[in-house]
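Peer 1: Any chance you could fold what I've pasted below:
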Amino acid sequence: MTTPRLVAFDLDDTLAPSKTAISPRMGQLLLDLATRVEVAIISGGQLQQFQSQVVERLPDADADSLTPFHLLPTCGTQYYRLTPEGVRTVYSHPLTDDEKQRALAAVEEEARRLGLWESETWGEILEDRGSQITFSALGQSAPVEAKTAWDPTGAKKNTLRDAVAARIPDLEVRSGGSTSVDITRRGIDKAYGMRRLSEQTGIALDDMLFVGDRLDEHGNDYPVLAMGVACHAVTGWEDTAAYLEELIPTLPRR
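Peer 2: Below you'll find the predicted structure:
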């Protein structure tokens, strides 16, 4: 690809371990990257997670250094910009009450039927994120080690995803993070977020690069690869950091 003008990232297991803050090393790399290109983060988490895991961990970041950042929580169903005046909403596509109720019922009933409704959890299994319903098999606050061990091949999540999708065909059901399944309105996924990024920034998709750990066919990063955006697959945040340390010196400063 040509030199990218925008680099987009998944969050959990790409910029940091699941539900944890980025390291000082990653924070400095993101700020360095933002002096050269636009930086976007697209993940299944809520805006609050983006802020606590990334924005608040950027070292000595002033308002001007944050303006190149684009935040797309809940798999691109929401889009926010960081401005000197604070967080600005670009768009948000909340589910209706009916859509939420049907999604919650379908994912709980299918998880119980498949024996995937765990009794030992850390926090809520089901979460209403406004524009997304998220099932987290071990709860929202489960330790990384437990989440990694629960479904190392992804087979459990994919089985649940297929069962829930058959129940609510009018909604989008995706395998999410290490233990999660995400439900949004049909047609809204990370590819949708990348298209909206292109519209809002005026940067062509051919001039974008996406970095993620779930670019496999069943992963929630796959729609970006399938739409033809240049992608770089990583296996964890350390892999991403090493890649950025090679990439950043090749990019011209603004």
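
Peer 1: Just name the shakiest helix or strand of this structure by mean pLDDT.
Peer 2: Least confident element among the helices and strands of the chain, by mean pLDDT, DSSP states H and E: helix 63-66 (a mean of 85).

Peer 1: Now do the buried residues in it.
Peer 2: L66 (16 or more other CB atoms under 10 Å). To be clear about C-beta, it is placed using only N, CA and C from the backbone, and glycine gets the same treatment.

Peer 1: And it, what does it pack against?
Peer 2: When contacts are defined as 3 or more CB pairs under 8 Å, 6 or more residues apart in numbering; DSSP states H and E, helix 63-66 packs onto helix 24-34, strand 78-83.

Peer 1: Dump the ones you listed to a markdown table, plus mean pLDDT, mean neighbour count and distance to L126.
Peer 2: Putting these into a markdown table (pLDDT from 0 to 100; neighbours: other CB atoms under 10 Å; distance: least, CB to CB, whole Å) gives the following:
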| stretch | mean pLDDT | mean neighbour count | distance to L126 |
| --- | --- | --- | --- |
| helix 24-34 | 96 | 19 | 30 |
| strand 78-83 | 92 | 19 | 19 |
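
Peer 1: For D62, which of these is the nearest?
Peer 2: helix 24-34 (10.2 Å; CB to CB).

Peer 1: next helix or strand past the closest one?
Peer 2: strand 38-42 (DSSP states H and E).

Peer 1: Could you export that following strand as PDB, CA atoms only?
Peer 2: Only the C-alpha atoms of strand 38-42 are listed here, as PDB (Å, rounded to 0.1, in the frame of the first residue of the first chain):
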ATOM      1  CA  GLU A  38      -4.800  10.300  11.900                       C
ATOM      2  CA  VAL A  39      -5.300   7.600  14.600                       C
ATOM      3  CA  ALA A  40      -8.600   5.700  15.000                       C
ATOM      4  CA  ILE A  41      -9.600   3.000  17.500                       C
ATOM      5  CA  ILE A  42     -12.500   0.700  16.700                       C
END
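
Peer 1: Buried residues in it, which are they?
Peer 2: 38-42.

Peer 1: Look up phi and psi at A142.
Peer 2: The phi and psi values for A142, taken as degrees, to the nearest 10, are phi -60, psi 140.

Peer 1: which residues does it contact?
Peer 2: Taking CB atoms under 8 Å, 6 or more residues apart in numbering as the criterion, A142 is in contact with 121-123, 136, 179.

Peer 1: Hmm, S23 is touching L29, no?
Peer 2: No. If you go by CB atoms under 8 Å, S23 and L29 don't touch, sitting 9.3 Å apart.

Peer 1: joint contacts of those two?
Peer 2: Joint contacts of S23 and L29 (CB under 8 Å, 6+ apart) are A241.

Peer 1: So which of the contacts of A142 is the closest to K156?
Peer 2: Closest to K156, out of all of the contacts of A142 and judged by CB to CB, is T179, at 8.3 Å.

Peer 1: Now for that closest one: which residues touch it?
Peer 2: By CB under 8 Å, 6+ apart, the contact set of T179 is 136-138, 142, 147, 150-151, 157.

Peer 1: Just the buried ones among the residues you listed, please.
Peer 2: Applying 16+ other CB under 10 Å to the contacts of T179 flags 136-138, 142, 147, 150-151, 157 as buried.

Peer 1: Check the protein and tell me which residue is nearest its centre.
Peer 2: With distances taken as CA atoms, centre = their mean, the residue of the chain nearest its centroid is S43 (1.0 Å).

Peer 1: Just the ones of the contacts of A142 in strands?
Peer 2: Those of the contacts of A142 mapping onto strands are S136, per DSSP state E.

Peer 1: Noted, bye for now.
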